[in-house]
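Chemist: Sharing a model that was predicted from the sequence below.
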Amino acid sequence: MDADHMQAVAGAVAYLEKLLAGDPRPRVGLTLGTGLGQLAGRIQQPRRVPYRDIPGLPVSTVQSHAGELIFGRLGSCQVAALAGRFHLYEGYTPRQVTMPVRVLAELGVEIFIFCNAAGGLDPAMEPGRVMMIRDHINFTGCNPLTGPNPDQWGERFPDFSQAYDPGLMELARQAAAENQVPLYEGVYVGVPGPSMETPAETAMLRGFGADAVGMSTVLEVIAARHHGRKVLGFSAISNVNRPEAMEPAPLELVIANAQKAGAGLGAVIQGVLQKL
Ligand code: HPA
């Protein structure tokens, strides 16, 4: 965590502060995942900022991720939505992956809601449904906090005994019940990808106690918690992997099922925002 990284974050924050000028600051940061871009369409009075305009921010290379920051209102809440994220498998470093989170945290975001598309590991799951992330396993082999600690941002050894906020999870359960959205709860394991899991890896991850597997989110959650922000997380279950009957999960299927889950997930998130 070198001075360059902190300076890059400060530069991006200064650019966005100037752009927002007198506008209200976002309270909630929302990371949309694969197939979940439709949520962005619900944001009122959107002010869209392409990532390429923000100094120091990498440009997203994945086609299914638009690569823009959208400021606006969702329900009664001022939000900043990240449509497009940076993944380790694209070749980005853990710091680059977590830079948007650092920027939004420094801009004053208090709560982060992270969404992703993930493969279900619990054989009882159905694709197209939503899992609230109760806890995670960082199996990426890296950590965005490696290196000198920026004390202004957070502690050297941040606590992770309760990374996902219990109060926010309770609001999500209520919002899901009110909107008749079935909600799984479970453990998300983050892997580097981009190769999908073998049957043996799938059995191993399930044995670890994970309920869903994906290639994002854990590093961002680590950065947000390090920064002292509250976190809520959801996986759109796009495919379900069973070691004894593995099937390919092509990107089109992942996107289609994430979109299917996205409708219910949008209702849950809006419900949570209304209750804040
Ligand atoms: N494995 C890893 N990442 C994923 C999957 C999967 O099965 N589905 C969606 N993202």
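Modeler: In hand now; what should we look at?

Chemist: Show me which residues of the stretch 51-200 of the chain sit near the ligand.
Modeler: 117-119, 196-197 (C-beta under 6 Å from any ligand atom). C-betas here are computed from N, CA, C, even on glycine.

Chemist: Buried subset of those as a PyMOL selection?
Modeler: Of those, the buried ones go into a single PyMOL selection, burial set by 16 or more other C-beta atoms under 10 Å:
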select buried, resi 117+118+119+196+197
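
Chemist: Now do the contacts for the residue of the stretch 51-200 of the chain found nearest the ligand.
Modeler: Using C-beta to the nearest ligand atom, the single residue of the stretch 51-200 of the chain nearest to the ligand is G119, 2.2 Å away. Shown in contact with G119 (C-beta atoms under 8 Å, 6 or more residues apart in numbering): 196-197, 212-214, 237-241, 249.

Chemist: Buried residues in stretch 208-216, which are they?
Modeler: Result for stretch 208-216 [16+ other C-beta under 10 Å]: buried residues 210-216.

Chemist: swap in stretch 192-211?
Modeler: For stretch 192-211, the neighbour count (16+ other C-beta under 10 Å) marks 193, 196-197, 201-203, 205-206, 210-211 as buried.

Chemist: Just the ones of those in helices?
Modeler: 201-203, 205-206 (DSSP state H).

Chemist: out of the residues you listed, who's nearest the ligand?
Modeler: For these, the nearest to the ligand is T202 (8.1 Å; C-beta to the nearest ligand atom).

Chemist: is any part of the strand or helix carrying V221 close to the ligand?
Modeler: Secondary structure from DSSP states H and E places V221 in helix 218-226. No: Helix 218-226 lies apart from the ligand when judged by C-beta under 6 Å from any ligand atom; the minimum separation is 12.1 Å.

Chemist: contact partners of that helix?
Modeler: 29, 31, 85, 88, 94, 97-98, 100-102, 105, 112, 114, 136-140, 142-145, 153-155, 158, 160, 163-164, 188-190, 231, 233.

Chemist: Restricted to helices, list those.
Modeler: Per DSSP H, the contacts of helix 218-226 map to helices at 94, 97-98, 100-102, 105.

Chemist: Let's have those in a markdown table, adding neighbour count, pLDDT and distance to A258.
Modeler: Shown next, in a markdown table, are the ones in helices among the contacts of helix 218-226 (neighbours: other C-beta atoms under 10 Å; pLDDT from 0 to 100; distance: C-beta to C-beta, whole Å):
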| residue | neighbour count | pLDDT | distance to A258 |
| --- | --- | --- | --- |
| P94 | 22 | 97 | 24 |
| V97 | 25 | 95 | 20 |
| T98 | 27 | 97 | 22 |
| P100 | 26 | 96 | 20 |
| V101 | 29 | 97 | 21 |
| R102 | 26 | 97 | 26 |
| A105 | 23 | 98 | 26 |
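
Chemist: Which pair in those residues has the greatest spatial separation?
Modeler: For the ones in helices among the contacts of helix 218-226, the maximum inter-member distance is 15.7 Å, found between P94 and A105 (C-beta to C-beta).

Chemist: Name the spans of the chain whose pLDDT lies under the cut-off.
Modeler: 1, 35, 60-66 (pLDDT under 70).

Chemist: buried ones in the longest helix seen in the chain?
Modeler: Identified as the longest helix of the chain according to DSSP H is helix 251-275. Residues of helix 251-275 classed as buried by neighbour count (16+ other C-beta under 10 Å): 254-255, 257-262, 264-273, 275.

Chemist: what bridges to the most centrally placed residue in the chain?
Modeler: Geometric centre of the chain, nearest residue: F114, 2.8 Å, by C-alpha atoms, centre = their mean. Per DSSP bridges, the residues bridged to F114 are T31, G233.

Chemist: All set now, cheers.
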